[in-house]
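Participant: Below is the sequence, then the predicted model.
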Amino acid sequence: MPNCGTLVLALGTAGLVLSAVAQAAPVSRADREFMDTVAAMDMTGAHEGRLAQDKGANAEVKDFARMLVKDDSESFGHLEEVAAKAGVTIPRGIDTARIPEIRTLENMNGGRFDRQFSRDQVSAQERALAIFRHEARYGENSDVKAYATSMIPVLDNDLKRARQIAAAK
């Protein structure tokens with residue numbers, strides 16, 4: 001007759017393996033692409049926000065930029081956790097020289113910068129909201145889907161704020 005301690009150890013080990021498998025639910029190609037896209041968007045948004053804090057003229061633009069840096073940095077941190085749990089590696093850096101919006105903004109200052117940044121942010125926030133809504137509706141991995149769903153109110157707020165600032169410019 002097997003030793004009871006051995007049986008408990010075997011069952012416990014099997015439970016841990018099953019638990020680990022359950023936590024790392026499969027990640028579809030579309031979910032991976034979503035995570036890669038969002039990682040790049042978050043890093044780009046944070047970079048543009050820091051540029052706006054340095055180059056912008058309007059206090060409201062600078063305040064919005066601070067909020068974007070915070071929101072995009074927090075989103076990226078949350079995405080890192082979701083990706084790690086799913087066993088997915090996401091990008092950890094961007095090549096700013098290859099992003100036309102950043103190159104354009106780097107060559108501007110003051111009111112001209114504020115107007116361009118505001119227009120760019122309306123487009124960026126509209127695109128992000130569409131991508132997140134699509135993932136929230138059609139995503140396959142429950143953790144990725146939950147992340148997308150949780151970010152929609154933040155993105156909606158960012159878009160409203162971007163539109164207000166762009167309308168004032």
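Facilitator: Done, it's in.

Participant: for the chain, where's the lowest mean pLDDT among helices and strands?
Facilitator: Lowest mean confidence among the helices and strands of the chain (mean pLDDT, DSSP states H and E): helix 4-23, at a mean of 43.

Participant: Any idea how far the host helix or strand of G111 is from the middle of the chain?
Facilitator: Secondary structure from DSSP states H and E places G111 in helix 110-138. Here the centre of helix 110-138 is set off from its chain's centre by 12 Å, with CA atoms, centre = their mean, to the nearest Å.

Participant: That helix - what's its average pLDDT?
Facilitator: On average, the pLDDT along helix 110-138 is 97.

Participant: list the helices and strands it packs on?
Facilitator: helix 29-55, helix 59-86, helix 100-106, helix 142-168 (3 or more CB pairs under 8 Å, 6 or more residues apart in numbering; DSSP states H and E). C-betas here are computed from N, CA, C, even on glycine.

Participant: mind checking which of these is nearest I94?
Facilitator: helix 29-55 (4.6 Å; CB to CB).

Participant: got the angle between that closest one and helix 59-86?
Facilitator: 150 degrees (axes from the mean of the first three to the mean of the last three CA atoms, to 10 degrees).

Participant: Helix 29-55: which residues count as buried?
Facilitator: Residues of helix 29-55 classed as buried by neighbour count (16 or more other CB atoms under 10 Å): 31-32, 34-49, 51-53, 55.

Participant: Stretch 82-99 too?
Facilitator: So for stretch 82-99, counting by 16+ other CB under 10 Å, buried means 82-83, 85-86, 88, 90, 94, 96, 99.
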